[in-house]
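Participant: Could you look at this predicted model? Sequence included:
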Amino acid sequence: MGRVIRSLWQHHRLLFLAFCAAALITLFLAARTAAFYAYWSMHRAVPIEDWMTIGYVARSWDVPPQTLRGALGLATEGHDRRSIARIAAERGVPADMLIDDIEKAVADARSQAENEAR
């Protein structure tokens, strides 16, 4: 094995370096994908809290984020990375009120999805 690597290094240095770089990038992306999968498989249907964003809630509860944004009267297009607490503070309402609205929208979206699946 050492002879092969030494021979590649001596005769095809640039190709060997490109292969090593590609292998490292592949390993990095594979580890990132595994971590992403492990995180979201453990964070399904978690209770909604004020620190969460609309996108986080949508992903956790498996509903379209546009549905939740629409229920709160937010723009349905684009990415809004504000937390529920920040949206509530900007509106001057308690965060619990927005959480209740989000929970209702999640329940409606999930029941609608179940009805469409039947």
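Facilitator: Everything's here; your move.
Participant: Report the separation between residue 34 and residue 63.
Facilitator: Residue 34 sits 25 Å away from residue 63, going by C-beta to C-beta, to the nearest Å. C-beta here means a position set from N, CA and C on the backbone, and glycine is covered the same way.
Participant: out of the two, which sits in the busier spot?
Facilitator: residue 63 (21 against 10; other C-beta atoms under 10 Å).
Participant: Now do the SS call for residue 74.
Facilitator: Three-state call for residue 74 (DSSP: H, G, I helix; E, B strand; the rest coil): coil.
Participant: what comes into contact with stretch 108-116?
Facilitator: By C-beta atoms under 8 Å, 6 or more residues apart in numbering, the surrounding residues in contact with stretch 108-116 are 61, 62, 63, 64, 67, 68.
Participant: can you give me the helices in this structure?
Facilitator: Along the chain, counting by DSSP state H, helices occupy 2-11, 13-42, 54-61, 65-71, 84-91, 95-117.
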